[in-house]
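Asks: okay, here's the prediction I keep looking at, along with the sequence it came from:
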Amino acid sequence: MPITRRRLITISAALAMLPAAVHATMRTSRLWTGQALGARVSIRISHPDGDAIGRRVMAEINRLEDILSLYRPNSSLAMLNREGQLAHPPFELLECMSLAGGVHAASGGRFDPTIQPLWALWVEAAVHGKRPDAKAIEQAIRNVGWHMVELNAAGITLKHGMALSLNGIGQGYVADRVAALLEAEGLNNILIDTGELRALGGQPEGGGWPVVLKTGESLNLRQRALASSAPLGTTFDEGGEYGHILDPATGMPIPVRWDTVSISAPSAAVADALATAACLMPDVGSIEAMLRGFAGARLEGGI
């Protein structure tokens with residue numbers, strides 16, 4: 001079934017300015033693997049303290065998954081969806097939702113984390129080789145709407161029947177948090193790939209991190225994040241007709257205007273959400289107008 005696509009998360013970290021003698025005695029890069037937010041995680045670090053740093057990174061990813069993941073039934077997000085309320089939510093959940101709310105407003109409501117009831121409806125239909133009927137879609141739409149979410153430091157409340165998904169921003173948010181951890185360790189010249197790219201500095205040997213977009217253009221990524229979204233990157237049907245990005249207004253997969261949209265920004269979470277939102281926008285002018293609300297955000301490559 002095509003809805004089972006998972007992103008590969010890879011993190012490569014090294015110190016560019018270590019003395020040559022340290023480089024000569026440094027052990028071979030170590031590789032760790034695991035799972036986060038439904039994706040495989042792969043981390044490779046070349047550093048004298050690579051073992052300890054790698055364990056701390058994996059622990060941080062595990063901690064974030066306990067907050068943001070829909071794949072863990074006892075995560076903060078899963079409990080919020082199940083109970084409809086969450087008292088004293090973790091800071092990371094509040095921050096991620098606040099960032100999502102900003103993109104929701106800038107996109108004219110097209111980017112909406114409350115899309116989860118519609119997503120669940122389409123997934124359930126796909127499991128049985130069908131598509132949802134119009135009545136079921138209409139009913140699910142009643143439980144979609146960011147304006148019905150009550151959000152503050154004391155708690156988060158959802159209307160009965162609502163549920164949230166942070167799939168359009170979560171991978172980027174994890175990349176930002178891992179970058180902050182590694183930066184606190186004194187590391188630079190790091191490339192983090194959670195399906196969205198986050199660069200701290202450039203390559204250890206100099207220059208930016210070379211990236212080739214799906215549209216064929218290339219760029220060098222340095223001290224920035226890059227996210228790409230493809231309307232048909234995941235589909236609900238074997239024929240590849242119904243893509244995974246849903247319009248909260250109609251409950252239907254969006255019309256495919258572009259194969260892929262790539263957005264760069266200082267934050268991977270913001271780039272992630274903007275790339276998803278861009279797929280929902282009617283034209284390039286609307287995308288560029290949305291991006292003007294986010295410092296440093298820009299459209300990369302052709303669409």
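Replies: Received, thanks.
Asks: which residues in this structure form helices?
Replies: With helices called from DSSP state H, the chain shows them at 20-25, 50-68, 76-83, 91-106, 116-127, 134-141, 170-184, 268-280, 284-291.
Asks: show the pLDDT at residue 137.
Replies: On pLDDT, residue 137 comes in at 97.
Asks: what's the spacing between it and residue 47?
Replies: Residue 137 sits at a distance of 51 Å from residue 47 (criterion: CB to CB, to the nearest Å). Any C-beta I mention is one placed from the backbone N, CA and C, and that applies to glycine too.
Asks: compare these two (neighbour count), which wins?
Replies: residue 47 (22 against 18; other CB atoms under 10 Å).
Asks: can you tell me how far the more buried one is from residue 205?
Replies: Taking CB to CB, one finds residue 47 at 16 Å from residue 205.
Asks: is residue 299 in contact with residue 287, as I believe?
Replies: Yes. Checked against CB atoms under 8 Å, the pair residue 299 and residue 287 is within contact range at 6.1 Å.
Asks: the two: who's more crowded?
Replies: For residue 299 and residue 287, the more surrounded residue by other CB under 10 Å is residue 287, and the numbers stand at 22 against 18.
Asks: who touches that one in this structure?
Replies: Going by CB atoms under 8 Å, 6 or more residues apart in numbering, residue 287 touches 261, 278, 281, 299.
Asks: farthest-apart pair in those residues, please.
Replies: Checked with CB to CB, the contacts of residue 287 reach their widest spread between 281 and 299, with 10.6 Å between them.
Asks: quick check: the closest residue to residue 120 other than its chain neighbours vs residue 118, distance?
Replies: Leaving aside its chain neighbours, residue 120 sits nearest to residue 163 (7.2 Å; criterion: CB to CB, 6 or more residues apart in numbering). Distance of residue 163 to residue 118, given as CB to CB: 10 Å.
Asks: so the two - more neighbours on which side?
Replies: Taking neighbours as other CB under 10 Å, residue 163 and residue 118 compare with residue 118 leading, 25 against 22.
Asks: how close does that one get to residue 144?
Replies: Relative to residue 144, and taking CB to CB, residue 118 is found at 6 Å.
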